[in-house]
Structure formats: C-alpha cells, structure tokens
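>>> Starting from these lines, generate the structure:
(4 chains)
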Number of protein chains: 2
Amino acid sequence: MSESRFEDLAEQVYRTLRDMILTGDLVPGQKLVQQALSERLGVSRTPLLASFSKLEKEMLVELVPRRGAFVKILSATELLQLYEIRLRLEPLGASEAAIRMDAAGERLLNSVLEIHREAVASGIAAKVRLADYRFHMAIVSIAHNPILERILSSFAIVSKSNQSGLMKPAPKSLAEHEALKAALFAHDQALAEKLMLEHLVEARDAAARLAERAGTIRVEY
Amino acid sequence: MSESRFEDLAEQVYRTLRDMILTGDLVPGQKLVQQALSERLGVSRTPLLASFSKLEKEMLVELVPRRGAFVKILSATELLQLYEIRLRLEPLGASEAAIRMDAAGERLLNSVLEIHREAVASGIAAKVRLADYRFHMAIVSIAHNPILERILSSFAIVSKSNQSGLMKPAPKSLAEHEALKAALFAHDQALAEKLMLEHLVEARDAAARLAERAGTIRVEY
DNA sequence: ACACAAAATATTGTATACAAAAAGTATATC
DNA sequence: GATATACTTTTTGTATACAATATTTTGTGT
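Coordinates of the predicted model:
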C-alpha cells in the first residue's frame, strides 16, 4: 500500500473546508449551505455531507439537525478547555520532538520559522496566524505521533479561526518559537517541554479571564 | 434550544456502532459491509455512510477508499501513543473532577463503582471492561469538560476494543478506582491527579513493552 | 493439481429524486 | 407598528439508482 492512495471526494472536500476554516475563508458562525457550497466546489451534496460529518468530529463544524452545518463558534469556556488540554499535550509533543529531532526536522523547523519571521515583518495578521499554526504543527510532526498531531491540529484550527485578535504580540511569540527551536535542536527534552508550557500559559490565562468575564453564554445557531 | 433536540439517523447509527465497538459486537479488523449493515440496522446506506465518517475521525473505524470501512486495529505503536496522551489528559480530568465534585457526582461515582464491583465478582471480562470504561467516563463527565470527554471516550473505546486481555488484574484496578474515588470525594486535586497517573502508568509501560517487541509492523486491510 | 485469464457478482462512491422541515414572505387583524 | 396566520420557497435528511472498482467464481491450459 502506498502514499499514492486514492483520495475520494469526501476526503478532498474535507481537506478543502478545513483549510478554508484555517485561513478564514470560512468564519465562525457561518452557515455552510449545502447546495451553494456543492456548486462552488463542483461536487454533489453527497461527499459534502460526508465531509461535514468528519469536520463535526474534529470540532471545526457544528451540525444542527434539520438546520444545517455552521462553522464552529467557540464559547469562552470551550476556548479555555482547549487551552487546558493544549497545556498538557503540546509539551508532550515538544518533548517527543526533542527526542526525535534530526536533519530533516531541523530543515523543516528552520523553514517554518523563516516563514514566521517574514509574516511578522509583513504585519499581516492572517499570515502570522498561518505561520504560527505551521510552526506548532511542524513540531508535532517531528514528534511522529500522528494521534497527537490530529488532535492538536484541529484544536489549533478552531482556536485560530475563533481568535481574530492574537492572544500575544507577534514578535514575542516569534521569539519564543526561536527559543523553543534551539531547545529542540539541542535535544533538550525538559527545556523544550518547559518552554512550550510557558509559551501557552499566558494565552491560557487570557482565555481564563475571558471565560470569567463571559460567564456562561450559550451560543445559538 | 433543548435537551429534547431531534437526533437524525446518522447520529443514531453512529451511537449504535460506537456502542457495538465498545461491547465487542464489532471487533477490530471487521469489515463493515454497507448493504448488510444498513439492512441489519433498518436504514439506507446514506446515514450509515455519514456515521462511518464520524467514526473515522474518532479513530474507531478506518476508511479505506474503494474497499470499505473496518473497525480500527490499533498497532502497538498507536496503543502506546494513546497511553502517552491519556497519561497527560486523564489526570487533568481527575483534577477538574476533584474541584467540581458534588452530591450528584458522588452518587454517579458510587453507582459506577458498584457496577464495577459486581462485574469483577462476576469474572466476566466484557462486564469488567464496560464497567472500567464507565468509571473513567464518569470522572470526566463530573469534570464538565466535554471536549476532554470526547477525546478520552473515543480513546477508551478503541483501546478497550483492541485489548482482549486486560492490562492489569481486575481486582487491582478496582482497588485503584476506590482510592481515586476517595480522593475525588475529598476534593483532593493533587492526590486525584497523582492516583490517576499511577493508575495508568503500568498499563502505559505494558504498552511500551508491546511496542518494543512488535517493532514496526504495518497493518493491512 | 496448479496457475492464469475471463466472466460474474458484490461493493463502494457519487449523483439525484423526493418528502419533511425550516425559513422567508405576504396578508390580515388589532 | 406589532403580532398572528397562511402560503411559498429553500434547505435538509434520506432513499435509491447508476457507474466504477474490487472480489469471487468459473473456465482453460499446462
């Protein structure tokens, strides 16, 4: 079996929609009207509905029976929960990546970091967002833990999709990524884990403040 | 909106299949033949296919294009990865449950623990397995962290589905659950977290030995 | 008996049709 | 102007049909 495995339309549509959520082409709360979207993507409703089912389980889309599919709006509570979980899992990814770091891993990290530098210099928020996502994903891919990668990927997409404002100044975030890279290159597991944790704690705290301020507001579609 | 929300056929089928995987009615590697299964469940292939897409993203089923859907077989490596992640997430759930423990939570835990005792006494492995799953799920539901609940639930199902033998003697596991309950009732976050970690470490270590022994064998459908 | 090719059958992926439900619009009443 | 009701249009959920692909069975040659 192979890397050249056939990819059916449902899988293709799923990936397309996922990217569209990450880049902001599809925004939280947006209704995914089946007929219109199937025409736009050039497929029938069938693979589109299959992709909705997939996206639902990755928390990128919410299916409301008999009303339709909507790009996920994260409540403040949910965002906080996401961060609590990321606080536990991303250091695991960093730790595993530190163990597994090799020449290919270094090239990958250097590459995504260069793109991140350029994005920060450009001042374009969408570029920064994408570069940040790419950096985190690069780490977990170096860790060779596909299960972890899957979880963190969907978490990252849904949280970035819902955060129009960054939770930390871009230059600070970049500097932290640089330090993290150095720890990873040095195979310093403990430091990589510590730095990743610190990298996320501030954002978690910000999310906690948001959740406290928001109380418990229910999201209606 | 309400607790009495309509549940479409895809969702019903998804739940049914999920349960069947947990209870062992559907076993790892089993092919889910669409026509036969749709007849058995009394629905057309359409909601069934939707449920497959959902189950795929919860790692309970593997979809092989043009060949079909198969109940997930976990490789030794994947099982280890699952445990590494659980080692980070279940203590989080226990910690949050210790904070949130209330009268209803106590009743729930007492109830699932009683069922666990009975299962252990019965010596029926399938009952023990289900009771163990229920105990862990009760904790995370008390934690009121639905995102965590979703992840851990699918992890628990796929790992139990793939472990015909228990990774620890049932009476030992039960005793550990009892101790964990006490810590939760006492709102002792740190102890709850520590006990949950210890509860899982042995199984993780067993999974690591399995992975080492297995090398890297690819699973073919 | 075994290997290979061809034919038959089963299964999957996808488009489409139809019924049910929701959403939108028009009209009547206070 | 606000609200209720009736009607129309749009959308969703689901079943079914059809084409493509995979699998199984059968036939033929050595």
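
>>> Verify the assumption that A:V201 is located in a helix.
Yes - when DSSP: H, G, I helix; E, B strand; the rest coil is applied, A:V201 is found to be in a helix.

>>> Who are the contact partners of it?
A:L87 (CB atoms under 8 Å, 6 or more residues apart in numbering or on different chains). Any C-beta I mention is one placed from the backbone N, CA and C, and that applies to glycine too.

>>> measure it to A:Q163 for me?
16 Å (CB to CB, to the nearest Å).

>>> How many residues are close by A:A207?
By the criterion of other CB atoms under 10 Å in any protein chain shown, A:A207 has 25 neighbours.

>>> Do a quick rundown of the helices in chain A.
Taking DSSP state H as the test, the helices found in chain A are A:9-23, A:34-41, A:45-57, A:76-100, A:103-122, A:125-142, A:146-162, A:170-185, A:189-214.

>>> Using CSV, write out every CA atom in the fifth one.
Looking back up the chat, that one is helix A:103-122. Presented in CSV, the C-alpha positions along helix A:103-122 are these (Å, rounded to 0.1, in the frame of the first residue of the first chain):
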residue,chain,number,x,y,z
ALA,A,103,18.4,16.8,10.0
ALA,A,104,15.1,16.7,8.2
GLY,A,105,13.4,18.0,11.3
GLU,A,106,15.8,20.9,11.6
ARG,A,107,15.3,21.9,8.0
LEU,A,108,11.6,21.8,8.5
LEU,A,109,11.7,23.9,11.6
ASN,A,110,14.1,26.4,10.1
SER,A,111,11.8,26.7,7.1
VAL,A,112,8.6,27.3,9.1
LEU,A,113,10.4,29.7,11.3
GLU,A,114,11.7,31.7,8.4
ILE,A,115,8.2,32.0,7.1
HIS,A,116,7.1,33.1,10.5
ARG,A,117,9.7,35.9,10.6
GLU,A,118,8.5,37.1,7.2
ALA,A,119,4.9,37.0,8.3
VAL,A,120,5.7,39.0,11.4
ALA,A,121,7.7,41.5,9.3
SER,A,122,4.8,41.9,6.9
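
>>> Okay, angle between that helix and helix A:170-185 too, please.
Counting by axes from the mean of the first three to the mean of the last three CA atoms, to 10 degrees, helix A:103-122 lies at 170 degrees to helix A:170-185.

>>> quick one: A:I151 from A:G93, how far?
10 Å.

>>> and if you look at A:I115?
19 Å.

>>> can you check A:S53 too?
27 Å.

>>> cool, A:A175 as well?
If you go by CB to CB, the gap between A:A175 and A:G93 works out to 20 Å.

>>> A:L9: how many residues sit nearby?
17.

>>> need the contact list for it.
A:43, A:47.

>>> Over to A:D188?
A:D188 touches A:A98, counting by CB under 8 Å, 6+ apart.

>>> Quick check: pLDDT value at it.
Reported pLDDT at A:D188 in the predicted model: 97.

>>> which residues of chain A score low on pLDDT?
Along chain A, segments meeting pLDDT under 70 span A:1-4, A:164-166, A:215-221.

>>> residues touching A:L37, list them.
Applying CB under 8 Å, 6+ apart, the residues near A:L37 are A:L48.

>>> ok, it to A:L63 distance?
14 Å.

>>> same check, this time on A:A175
40 Å.

>>> Settle it for me: which of those two has more neighbours?
Remark: of A:A175 and A:L63, A:L63 carries more neighbours, 21 against 12, as counted by other CB under 10 Å.

>>> Check whether that one really touches A:K57, as I assumed.
No - using CB atoms under 8 Å, A:L63 is not in contact with A:K57, being 9.8 Å away.

>>> Now the terminal residues of stretch A:155-172, how far apart.
22 Å (CA to CA, to the nearest Å).

>>> ok, back up a step: can you redo the helices of chain A as a markdown table with distance to B:A208?
Listed next are these as a markdown table, based on distance: least, CB to CB, whole Å:
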| stretch | distance to B:A208 |
| --- | --- |
| helix A:9-23 | 32 |
| helix A:34-41 | 44 |
| helix A:45-57 | 28 |
| helix A:76-100 | 13 |
| helix A:103-122 | 23 |
| helix A:125-142 | 20 |
| helix A:146-162 | 15 |
| helix A:170-185 | 23 |
| helix A:189-214 | 16 |
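
>>> Run the contact check for stretch A:17-33 versus DNA strand D.
Yes - counting by CB under 7 Å from any atom of the strand, contacts between stretch A:17-33 and DNA strand D involve A:31-33.
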